[in-house]
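Colleague: Structural data only, the sequence is not supplied:
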């Protein structure tokens, strides 16, 4: 999930979607979450600063019954 971490869309974090660490803990019951570099393979020169949220030790599938986890 890149939208909560990438510079172009991270401004909406906390408004439209949870920050990465909270997203992982709430939606996957994970230990934590962090943003890591994830350059676009399709548009490498356009999205070279792309970041992706990676959850550590997910314990469940994404809980879509929580509205904040749907985005």
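Modeller: That came through, no problem. If you're wondering where the values come from, they're calculated on a predicted model, not measured in any experiment.

Colleague: Could you check how far the most far-flung residue of the chain relative to its centre is from residue 39?
Modeller: What lies farthest from the middle of the chain is residue 45; by CA atoms, centre = their mean that is 21.5 Å. As judged by CB to CB, to the nearest Å, residue 45 and residue 39 stand 9 Å apart. For every residue, glycine as well, the C-beta is placed using N, CA and C.

Colleague: This protein: helices as residue ranges?
Modeller: 20-28 (DSSP state H).

Colleague: what residues are up against the residue nearest to the spatial centre of the chain?
Modeller: Central residue of the chain (CA atoms, centre = their mean): residue 53, 3.5 Å from the mean position. By CB atoms under 8 Å, 6 or more residues apart in numbering, the contact set of residue 53 is 1, 2, 4, 5, 20, 23, 24, 33, 34, 35.

Colleague: one more time with 6 Å
Modeller: By CB atoms under 6 Å, 6 or more residues apart in numbering, residue 53 lies in contact with 1, 4, 5, 20, 33, 35.

Colleague: Touching, the third one and residue 51? I think so.
Modeller: Yes. Proximity of residue 5 to residue 51 meets the contact threshold set by CB atoms under 6 Å, at 3.6 Å.

Colleague: Spell out which residues are contacts of both of the two.
Modeller: What both residue 5 and residue 51 touch, as defined by CB under 6 Å, 6+ apart, is the set residue 35.

Colleague: shaky segments in the chain?
Modeller: Scanning the chain for pLDDT under 70 picks out 1-3, 6-16, 43-44, 47-48.
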